[in-house]
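>>> Sequence and predicted structure, then a few things I'm wondering about:
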Amino acid sequence: MVRFQEGPQHSKTMAEYFSHDYHARNDLKIVTMRTDLGLISLGAYWCLIEILYEQNGRIKITDLFTISKVIGCDISLLEKIVFDYGLFVKNGEHIENNSINKRLKVRQEKSEKASVSA
């Protein structure tokens, strides 16, 4: 189940960041999605990206309905974003994003090296 951070306990000192391509808005898949579904799809896409990072790169497909309610978009829109534009990969009962998985792997390797050095 997806767990969402809420409230003041999630302070700036606890906030994490994730790297992404600064020109992502110009990616053909994203441009096509935005052209077809409107600017709301771009916001929903980035919410999914953030949630994927929070969930270590995997979201259960059955959690998409709850996610749609939390981020304030219709489930049919979210399903189109996830399944129709090649932005996410279905892996069994989960969705993933190949770019995120690569970045998470690099982050984990750096963390492991740092803990060995400490």
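On my side now, so go ahead.

>>> can you map out the helices along the chain?
Ranges of helices in the chain, per DSSP state H, are 28-37, 39-54, 64-71, 75-83, 98-117.

>>> Lowest average pLDDT across these?
Mean pLDDT per stretch puts helix 98-117 lowest among the helices of the chain, at a mean of 75.

>>> Dump the helices of the chain to CSV, plus distance to V89 and mean neighbour count.
C-beta: built from backbone N, CA, C; applies to glycine. CSV is the format used below for the helices of the chain (distance: least, Cβ to Cβ, whole Å; neighbours: other Cβ atoms under 10 Å):
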stretch, distance to V89, mean neighbour count
helix 28-37, 12, 14
helix 39-54, 11, 17
helix 64-71, 14, 16
helix 75-83, 10, 16
helix 98-117, 6, 12
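
>>> List the residues that contact the residue nearest to S41 when sequence neighbours are not counted.
Spatial nearest neighbour of S41, chain neighbours left out: M33 (5.2 Å); criterion: Cβ to Cβ, 6 or more residues apart in numbering. M33 is in contact with 41-42, 45, 80-81, 84-85, 87, counting by Cβ atoms under 8 Å, 6 or more residues apart in numbering.

>>> can you do 7 Å?
Listed by Cβ atoms under 7 Å, 6 or more residues apart in numbering, the contact set of M33 reads 41, 45, 81, 85, 87.

>>> and what of I81?
I81 neighbours (Cβ under 7 Å, 6+ apart): 33, 41, 44-45, 48, 87.
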